[in-house]
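Engineer: after the sequence you'll find the predicted model.
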There are 2 protein chains.
Amino acid sequence: MFVKRLQDDRHRIAHISITMGPIRLRRISPLTVVVIVLLCIGAITFLLSPSSRDSASAKLRKASAASNPLSPPTSPFRKQSSRSNGKRVPPPVVHYYLNNVTTSPNPVANRETVLILTPLARFYQEYWDNLLKLTYPHELITLAFIIPKTREGNAATLALQEQITKTQTSGPEEKRFASIIIERQDFDPPIPSQDESERHKMENQKPRRAAMSRARNSLLFTTLGPSTSWVLWLDADIIETPPTLIQDLAEHNKPIIVPNCFQRYIDPETKKPAERPYDFNSWQDSDIAQKLGESMGPEDILLEGYGEMPTYRVLMAYLEERNGDPKLEVPLDGVGGTALLVKAEVHRDGAMFPPFSFYHLIETEGFAKMAKRLGWSSTGLPNYKVRFQYFPRRNSH
Amino acid sequence: MFVKRLQDDRHRIAHISITMGPIRLRRISPLTVVVIVLLCIGAITFLLSPSSRDSASAKLRKASAASNPLSPPTSPFRKQSSRSNGKRVPPPVVHYYLNNVTTSPNPVANRETVLILTPLARFYQEYWDNLLKLTYPHELITLAFIIPKTREGNAATLALQEQITKTQTSGPEEKRFASIIIERQDFDPPIPSQDESERHKMENQKPRRAAMSRARNSLLFTTLGPSTSWVLWLDADIIETPPTLIQDLAEHNKPIIVPNCFQRYIDPETKKPAERPYDFNSWQDSDIAQKLGESMGPEDILLEGYGEMPTYRVLMAYLEERNGDPKLEVPLDGVGGTALLVKAEVHRDGAMFPPFSFYHLIETEGFAKMAKRLGWSSTGLPNYKVRFQYFPRRNSH
């Protein structure tokens, strides 16, 4: 039993290990969430080690830890001043003055918390390295991952865990995140392979994206807290972003904002580095797509980027101009999720990722439509780029 | 600023006070959530007071507190055994073995956590007294409230807070809940009055229930944790339930289950106590309602219980039989939210309360439809009753 095991395991909590055994759940659900690891930071380490009490950064982290009621790993009761005679006397009621939880164009100055959500199937070191380079104050960032219960997922969990331990315990203090949550799915992905070619087959899109929606929803519903200001959805394949990604996107002060996702590659003809648009889910709607939707069955979904289904939507992928203004905004009707900044109140209002046909849309595109139904619009930045991984060798094995 | 104020307030954390001032938010959102009070229990009190370390109940609470990563108020790092030489040495990684987080017909034996969610506009002492009588182990229950930012809401918050303090600090240990969260909305309710007659006017239904949906979604998204097994939606007007409500509903092992909501009243003719059905949102669909929906505009919603809009749906309210089997189950297409037990995985999958017309349904009825789209069905118990408040005098002032 749960309580029992926790007590049994108490003597080895300082060790790092992952349970990989089969899950014995008595659930009906095809999708349940298993939290394996809660990593709590820097914040805790510094809170409790007297030697660091005096540093400014430690103070910040201390305040952040006590004040940040993001879900699991935060610990609202670590207010050290409530000791009397060396004995901790906990208050019966703890107050949080969250009146100033804003989502503003200047989130750093307003100490706004960011929850970075990543559905992770494979771990790329470049993803992690890019995350570490983000200049948004790491003590305001909580990371949360959901990882499928597959062999690939197990490997990804191990690799991720290793990097987390390195960053959070022995790395430089300012690189440590406020908290990190890893959740494991216990349902099998509908498509066995994560290979590019399989993933993108048109007939695989609906089950694949329905499963992805459920994973996103599970991650979102279990990690969003009342004091979260922003949610940054960041795919595990995003290996390159400007280090000021969060500040740059937040500056636009939009409920939902999405950069343009490109992929660097080696041109097979010229053998030279080149880049190409990657994410086709950010678009402006067209009459043709609308009519196509009307002619479909209620469960059918419109897909973008497939020659078999021409939608004539305006794709943000093709709106990019070389050396164009990175601050240029375009309104969008559908968004992609490779990188996507959302004000937390949009999600709190109820905007989730429909795993079913919602106005013939699914997943992130359905999310944009649902947000629209809730009164929130989406914005795209065609000239502000993030980069998707391109490691053909790694993908092939 | 947030961090600043927290530090300033540190010296008075043992006091109980509520900030009631106007909210200075820079948000765009019409609905944001302000957490004013996080109450953390029993669990904390007993965890940290050495005198209670030895009691069995305290041990249970201790395990529960450490193991229960429900959002804000839990504190996963209170594993006391990690001290060495009297100094706390926090582990870099904390593991939670949640493989056994079940939603089973026997939730007490499986130590399943229950999150009771209550949108609260008025505080009824009878509601709180009934809550205290629930025999489900209170150390497995987290309560969370969302209260509108109105004068009535302020009064309700004060009254609730008073009872919470009494229960959690001076009441008997076994009555204390694992944790309690109060959130305040900062948007005005669409209808100024909570009076019965105003609330139930047909033209007020859509804005009222859209606002209620947003409140429910905010509460749900910010309090659901990865280890929550069950979510019990319980209206603040429910003043009488069987003490075994949670066990009785869970025993059916259904994803969504709803008892029949009745109201006791004094018959004006006979002057004798009587009872009448109250909640008409639990129903089985009809062809007529379906066709009515098809003839409506995309934003229009179907309403139940109004003579102007006969739907000929089968209402659970009228399926009750005197002395009928309380375990009798009927399948439902729409559900009411006065009392509603939902497996947490249904919500995690993405089932929320649509504040917009969803298949011409809204709020809890739209929720049942959305759950259906996600593959989860709803069940009603026509002969298992809970009671809605009836205090005509209080309502009139």
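Structural biologist: Ah, there it is.

Engineer: which helices and strands sit right next to the lengthiest helix in chain A?
Structural biologist: Ordering each helix of chain A by length in residues (DSSP state H) puts helix A:202-223 first. Other helices and strands packing on helix A:202-223, by 3 or more CB pairs under 8 Å, 6 or more residues apart in numbering or on different chains; DSSP states H and E, are strand A:33-39, strand A:113-119, strand A:141-147, strand A:179-185, helix A:363-373, helix B:202-223, helix B:344-348. Where C-beta positions appear, they are placed from N, C-alpha and C, glycine not excepted.

Engineer: can you give me the buried ones in stretch A:144-153?
Structural biologist: For stretch A:144-153, a neighbour-count test (16 or more other CB atoms under 10 Å in any protein chain shown) marks A:144-150, A:152-153 as buried.

Engineer: low-confidence ranges, the stretch 101-250 of chain A, go.
Structural biologist: Within the stretch 101-250 of chain A, the ranges that satisfy pLDDT under 70 run A:186-200.

Engineer: again, 90 this time
Structural biologist: Where the stretch 101-250 of chain A drops to pLDDT under 90, the residues are A:101-104, A:109-110, A:149-151, A:165, A:168-173, A:179, A:181, A:183-208, A:225-227.

Engineer: from it, which residue is nearest to chain B?
Structural biologist: Residue nearest to chain B within the stretch 101-250 of chain A: A:Asn217 (3.7 Å; CB to the nearest CB).

Engineer: that residue: neighbour count?
Structural biologist: By the criterion of other CB atoms under 10 Å in any protein chain shown, A:Asn217 has 24 neighbours.

Engineer: contacting residues for it?
Structural biologist: Taking CB atoms under 8 Å, 6 or more residues apart in numbering or on different chains, we find A:Asn217 in contact with A:352-353, A:355, B:348-350.

Engineer: quick one: the helices in chain A?
Structural biologist: Using DSSP H, the helices of chain A run over residues A:2-8, A:42-48, A:56-67, A:125-133, A:151-165, A:196-199, A:202-223, A:245-250, A:287-294, A:344-349, A:363-373, A:392-396.

Engineer: what does the stretch 251-397 of chain A put close to chain B?
Structural biologist: A:253, A:255, A:343, A:345-350, A:352-356, A:373-375 (CB under 8 Å from any CB of the partner chain).

Engineer: likewise the stretch 101-250 of chain A?
Structural biologist: Residues of the stretch 101-250 of chain A found near chain B (CB under 8 Å from any CB) are A:101-104, A:110-111, A:161, A:164-165, A:168-169, A:181, A:183, A:213-214, A:217-218, A:220-227.

Engineer: write the ChimeraX selection for whichever of the residues you listed are buried.
Structural biologist: With 16+ other CB under 10 Å as the criterion, this ChimeraX line picks the buried residues out of these:
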select /A:101,102,103,104,110,111,161,164,165,168,169,181,183,213,214,217,218,220,221,222,223,224,225,226,227
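
Engineer: for the stretch 251-397 of chain A, which spans come out with low pLDDT?
Structural biologist: The model of the stretch 251-397 of chain A has pLDDT under 90 over residues A:267-268, A:292, A:294-300, A:302-312, A:322, A:389-397.

Engineer: residues contacting A:Arg312?
Structural biologist: For residue A:312 the amino acid is Tyr, not Arg. A:Tyr312 makes contact with A:286, A:288-289 under the criterion CB under 8 Å, 6+ apart.

Engineer: kindly report the same for A:Lys254.
Structural biologist: Applying CB under 8 Å, 6+ apart to A:Lys254 gives the contacts A:329, A:343, A:377-379.

Engineer: closest to B:Gln263 out of those?
Structural biologist: Closest approach between those and B:Gln263, by CB to CB: A:Lys343, at 40.2 Å.

Engineer: where does the nearest residue to that closest one once chain neighbours are set aside fall, phi/psi-wise?
Structural biologist: For A:Lys343, ignoring the flanking residues on the chain, the nearest one in space by CB to CB, 6 or more residues apart in numbering or on different chains is A:Thr103 at 4.5 Å. Backbone torsions of A:Thr103, given as degrees, to the nearest 10, read phi -130, psi 100.

Engineer: could you dump the contacts of A:Asn217 into CSV with distance to B:Ala274 and neighbour count added?
Structural biologist: Converted to CSV, the contacts of A:Asn217 look like this (distance: CB to CB, whole Å; neighbours: other CB atoms under 10 Å in any protein chain shown):
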residue, distance to B:Ala274, neighbour count
A:Met352, 43, 25
A:Phe353, 47, 26
A:Pro355, 46, 26
B:Arg348, 41, 25
B:Asp349, 41, 25
B:Gly350, 42, 25
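
Engineer: and which of the residues you listed is nearest A:Lys206?
Structural biologist: Set against A:Lys206, the nearest of those by CB to CB is A:Pro355 (9.5 Å).

Engineer: was I right to think that closest one contacts A:Ala215?
Structural biologist: No. Assessed by CB atoms under 8 Å, A:Pro355 is found out of contact with A:Ala215, at 9.3 Å.

Engineer: check which residues of stretch A:280-287 are buried.
Structural biologist: By neighbour count on 16+ other CB under 10 Å, the buried set for stretch A:280-287 is A:280-285.

Engineer: got the contact list for it?
Structural biologist: With contacts defined as CB under 8 Å, 6+ apart, stretch A:280-287 is touched by A:258, A:260, A:304-305, A:311-317, A:330-337, A:363-365, A:380.

Engineer: how near is A:Pro382 to A:Glu329?
Structural biologist: Using CB to CB, to the nearest Å, A:Pro382 is found at 9 Å from A:Glu329.

Engineer: out of these two, which sits in the busier spot?
Structural biologist: The residue with more neighbours, out of A:Pro382 and A:Glu329, is A:Pro382; 24 against 15, by other CB under 10 Å.

Engineer: grab the nearest non-local neighbour of that one.
Structural biologist: For A:Pro382, the closest residue by CB to CB, 6+ apart turns out to be A:Leu319, at 3.8 Å.

Engineer: right, and the one you found touches A:Tyr384 too?
Structural biologist: No. Contact between A:Leu319 and A:Tyr384 fails when scored by CB under 8 Å: they sit 11.4 Å apart.

Engineer: overlap in contacts of these two?
Structural biologist: By CB under 8 Å, 6+ apart, the residues touching both A:Leu319 and A:Tyr384 are A:Asn260.
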